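> Just to be clear, the model below is a prediction. Sequence and coordinates:
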Amino acid sequence: MRASARFLLAVTLIGGAGSLQVPGAGSVDPAVFAQAPAAAPPTRPFVETLASERLGGREAGSRDERAAGDYLAEQLKRLGARPLPGRKDMFQPFEFTAGGGDGGSRASVAAGTAAPRTFSTTKEVQALSFSDDGEVSGAVVFAGYGIVVPESQGFGYDSFATLDVKDKVVVVLRYFPEDADQQTRGILARYSDLRYKARAARQRGARALVVVTGPRSPNAGLTVPMSFDAALAGSGITAISISGDVAAALFAGGKPLAEVQKDLDTGNPHVAGFALPGVEMTVKAAVRREKRTGRNVVAYLPATSPVTGVDRPWVAAGAHYDHLGRSTHGDSLAAGDDAKRAHLGADDNASGSAAVLAIAGAMAKQPMRRRHLLVGFWSAEEIGLLGSAAFIAAPPVPIGELAAYLNFDMVGRMQDNKLVVQATGSSTAWAPILERANVAAGFDLTVQPDPFQPTDVMNFNLAGVPSLSFTTGAHTDYHKPSDTADKIAYEDLDRVAGFAAAIARRVMDLDPAPAFVKVEQSAQTASRTGVRIFTGTVPDYAASVKGLLLGGVVGGGPAEQAGLQKGDVIVEISGQAITNIYDYTYALDLLKIGQPVKVVYMRGAERRETTLTPAARR
């Protein structure tokens, strides 16, 4: 399951354990569920193989991912599955940007009459992962922590308030004031992300952003590591980080940086930055972006009878099989050296992949299948739902022929018999089906209507497919090397697979197929974590365009009411230029609830404008 919490759609569970209320449940024949699917193969061998050291955490596009994909394809063959019609094998490759490194950045400092000093090693200078490539020169202005808190927050703090940074090189401290009181730190921390600092400098006309980790901060004097950035577009500004030695050259003619930082660390908004007189800097940023190829594994079990005349003759079950691998790109939640170990991802998401294999095994033994069962294992979910997006973008089976999609993400660590079923609002058919299936399974079900989850189910919902997503929830081993196969609750995982197989069997027998319901406005589920404004936009996390590409809009939300739709690219909102998802997220803090704002967007090659009225997050 994806991390990147600030940009994920918030997850709010509706109802509690055992609280499933199902009107009209009696419309489903209980006899359907009395005839349970044939026994599924046990899930343990699948999890233990996928989460083994040999497969190293299955990072998308890696050798380990290919080995895991080969294993999944072999298991599908053993179960009797075939490549999809018209395809020679079970693999669907797709290309994506997988991070990279510094491509030769450097900085030159000229102070007064002294000869310029040039710094070029990665210990001295390193491009920030979101930097535009380029070389610029200019006078230097120090802007403190580079933090701007929007006026809407009722907290006055603007590092740029008294400064003229137009056409200058702006130097800022990493992080946020170290000695401020807890409440102030909480506010400033929210706006301390380097993306936000780069945006603030760019919006004020700066030519470059230079980040230094101050001597009073964690990682003092170190450059900022190059990390994978799931939003593929740059920030619209040249941006680097420098070491303490480079910073010393910048501040050599004045007050030492340690003393300057001490004054700023109080959090006093009246402690201002200043120009560095007589200092000029040349900044070159070069980012090497690495392209990789990921592979989805997709196959099917054919129906046992002709599907001519069957309404939407495919039922799909899927899970992502990638994880963080041996190179975590900053998504690890482990501390210290643990973050460098292979993240094996037993629960996330060997468990979901094992459940899908078990469902396929159970359905393969069924004497009657009125519909085809499509089985999908998606890659690159961890870096933006990219694999399932690639499937939707170039579907080997028409999306309009999918009767339903069942998704499994982290289903191996059940606690207190609780199973969460998400996206139930995508069809009115789900409530009675879940109620009857659970008579035999006996879970304490928690249902959530919201289909806009940070997992692959979101892509299928946006494509108009009735969907369900199953999870047993997060735990303290999430995104850590300690998420290992010995901690999986295998009996419960087997029960989840059996429960879902019963649901899949029922959907196969339905005539007509479940009707898709477009979920209406839900400010709780469509807002991003920590954002009080609700606009009803669903970003496409795989986009590499300049702007915010919409993967969809929430039904009935402000974006839909403004006429925005899937495929539009927002390039400006309320006068703020938008070059990527980060700009958009930060721009939301400048908006006011109920106050209309102008949105400029591209629909194809046409530049358009509309008015959007933000709503309150409930």
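Cool, got the structure.

> and Ser235, what does it touch?
Ser235 is in contact with 128, 130-132, 195, 198-199, 202, 579-580, 582-583, counting by C-beta atoms under 8 Å, 6 or more residues apart in numbering. Just so you know, the C-beta spots here come from the backbone N, C-alpha and C atoms, and that holds for glycine as well.

> Selecting buried members of the residues you listed in PyMOL, what would you type?
Selecting just the buried residues from the contacts of Ser235 in PyMOL takes one command, with 16 or more other C-beta atoms under 10 Å as the test:
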select buried, resi 128+130+131+132+195+198+199+202+579+580+582+583
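
> quick check, nearest of the contacts of Ser235 to Phe443?
Tyr582 (38.7 Å; C-beta to C-beta).

> so that closest one, which of the three states?
helix (DSSP: H, G, I helix; E, B strand; the rest coil).

> What is the least confident helix or strand in this protein?
Every helix and strand of the chain was ranked by mean pLDDT, DSSP states H and E. The lowest is helix 523-526, at a mean of 35.

> Confirm for me that Leu333 is in contact with Tyr478.
Yes - counting by C-beta atoms under 8 Å, Leu333 touches Tyr478, with 6.4 Å between them.

> the helices in the stretch 351-500 of the chain, which residues?
352-364, 386-393, 430-441, 457-462, 490-509 (DSSP state H, counting those that start in this stretch).

> among the ones you listed, which is nearest Phe155?
Going by C-beta to C-beta, the one of these nearest Phe155 is helix 457-462, 33.3 Å.

> elements contacting the closest one?
Helix 457-462 sits against helix 386-393, strand 402-408, strand 467-471, strand 548-553, with contacts defined as 3 or more C-beta pairs under 8 Å, 6 or more residues apart in numbering; DSSP states H and E.

> Just the contacts of Ser235: which are in strands?
Using DSSP state E, no member of these sits in strands.

> before we move on, the earlier item: which stretch among the helices and strands packed on helix 457-462 approaches Val136 most closely?
strand 548-553 (25.8 Å).

> where does the stretch 451-600 of the chain dip in pLDDT?
Within the stretch 451-600 of the chain, the stretches with pLDDT under 70 are 520-533, 540-544, 589-590.

> picking up where we left off before, now render the helices of the stretch 351-500 of the chain as a markdown table, adding mean neighbour count and distance to Gln183.
As requested, those are exported to a markdown table (neighbours: other C-beta atoms under 10 Å; distance: least, C-beta to C-beta, whole Å):
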| stretch | mean neighbour count | distance to Gln183 |
| --- | --- | --- |
| helix 352-364 | 28 | 40 |
| helix 386-393 | 24 | 39 |
| helix 430-441 | 20 | 43 |
| helix 457-462 | 27 | 35 |
| helix 490-509 | 23 | 42 |
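
> closest one to Lys566 among those?
In terms of C-beta to C-beta, the element of the helices of the stretch 351-500 of the chain nearest to Lys566 is helix 457-462, at 6.8 Å.

> Excluding its own residues, what touches that closest one? List them.
Applying C-beta under 8 Å, 6+ apart, the set of residues contacting helix 457-462 is 9, 316, 385, 388-389, 391-392, 402, 405, 407, 409, 422-423, 426, 451-452, 467-469, 519, 538, 551-552, 566.

> Can you dump the C-alpha atoms of it in PDB for me?
What follows is helix 457-462, C-alpha atoms only, in PDB (Å, rounded to 0.1, in the frame of the first residue of the first chain):
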ATOM      1  CA  VAL A 457      -9.000  -0.100  -6.400                       C
ATOM      2  CA  MET A 458      -9.100   3.700  -7.100                       C
ATOM      3  CA  ASN A 459      -8.000   3.300 -10.700                       C
ATOM      4  CA  PHE A 460     -10.800   0.700 -11.400                       C
ATOM      5  CA  ASN A 461     -13.400   2.900  -9.700                       C
ATOM      6  CA  LEU A 462     -12.300   5.900 -11.800                       C
END
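
> Reformat the contacts of Ser235 as a markdown table; add distance to Ala161.
Below are these laid out as a markdown table (distance: C-beta to C-beta, whole Å):
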| residue | distance to Ala161 |
| --- | --- |
| Leu128 | 24 |
| Phe130 | 25 |
| Ser131 | 25 |
| Asp132 | 26 |
| Arg195 | 21 |
| Ala198 | 18 |
| Arg199 | 16 |
| Arg202 | 17 |
| Thr579 | 24 |
| Asn580 | 25 |
| Tyr582 | 22 |
| Asp583 | 21 |
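
> Tell me which of the helices and strands packed on helix 457-462 sits nearest to Pro306.
strand 402-408 (16.1 Å).

> Show me the shaky parts of the stretch 251-400 of the chain.
327-330.

> which stretches of it form strands?
274-285, 287-301, 314-320, 372-378 (DSSP state E, counting those that start in this stretch).

> JSON lines for those, including distance to Ala180 and mean neighbour count?
Below are the strands of the stretch 251-400 of the chain laid out as JSON lines (distance: least, C-beta to C-beta, whole Å; neighbours: other C-beta atoms under 10 Å):
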{"stretch": "strand 274-285", "distance to Ala180": "20", "mean neighbour count": "20"}
{"stretch": "strand 287-301", "distance to Ala180": "33", "mean neighbour count": "20"}
{"stretch": "strand 314-320", "distance to Ala180": "40", "mean neighbour count": "28"}
{"stretch": "strand 372-378", "distance to Ala180": "43", "mean neighbour count": "27"}
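
> Same list, the ones you listed, but as JSON lines with distance to Ala73 please.
Output for the strands of the stretch 251-400 of the chain, formatted as JSON lines (distance: least, C-beta to C-beta, whole Å):
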{"stretch": "strand 274-285", "distance to Ala73": "42"}
{"stretch": "strand 287-301", "distance to Ala73": "5"}
{"stretch": "strand 314-320", "distance to Ala73": "14"}
{"stretch": "strand 372-378", "distance to Ala73": "9"}
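
> separation between Gly57 and Gln448?
29 Å (C-beta to C-beta, to the nearest Å).

> number of nearby residues for Ala604?
Just to correct that, residue 604 is Gly rather than Ala. 9 (other C-beta atoms under 10 Å).

> Need the nearest residue in space to Leu324, chain neighbours excluded.
His343 (3.9 Å; C-beta to C-beta, 6 or more residues apart in numbering).

> wait, doesn't the one you found sit right on Asn349?
No - here His343 lies out of contact with Asn349, judged by C-beta under 8 Å, at a distance of 11.7 Å.

> Overlap of the contact sets of these two?
In contact with both His343 and Asn349: His323, using C-beta under 8 Å, 6+ apart.

> Where does the prediction get shaky in the stretch 51-200 of the chain?
For the stretch 51-200 of the chain (pLDDT under 70), the answer is none.

> how about CSV for the helices of the stretch 351-500 of the chain, with distance to Gln92 added?
Shown next, in CSV, are these (distance: least, C-beta to C-beta, whole Å):
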stretch, distance to Gln92
helix 352-364, 16
helix 386-393, 6
helix 430-441, 28
helix 457-462, 14
helix 490-509, 21
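
> between these, which gets nearest to Ala248?
Across the helices of the stretch 351-500 of the chain, closest to Ala248 is helix 386-393 (C-beta to C-beta), at 42.1 Å.

> what angle do the closest one and strand 314-320 make?
160 degrees (axes from the mean of the first three to the mean of the last three C-alpha atoms, to 10 degrees).
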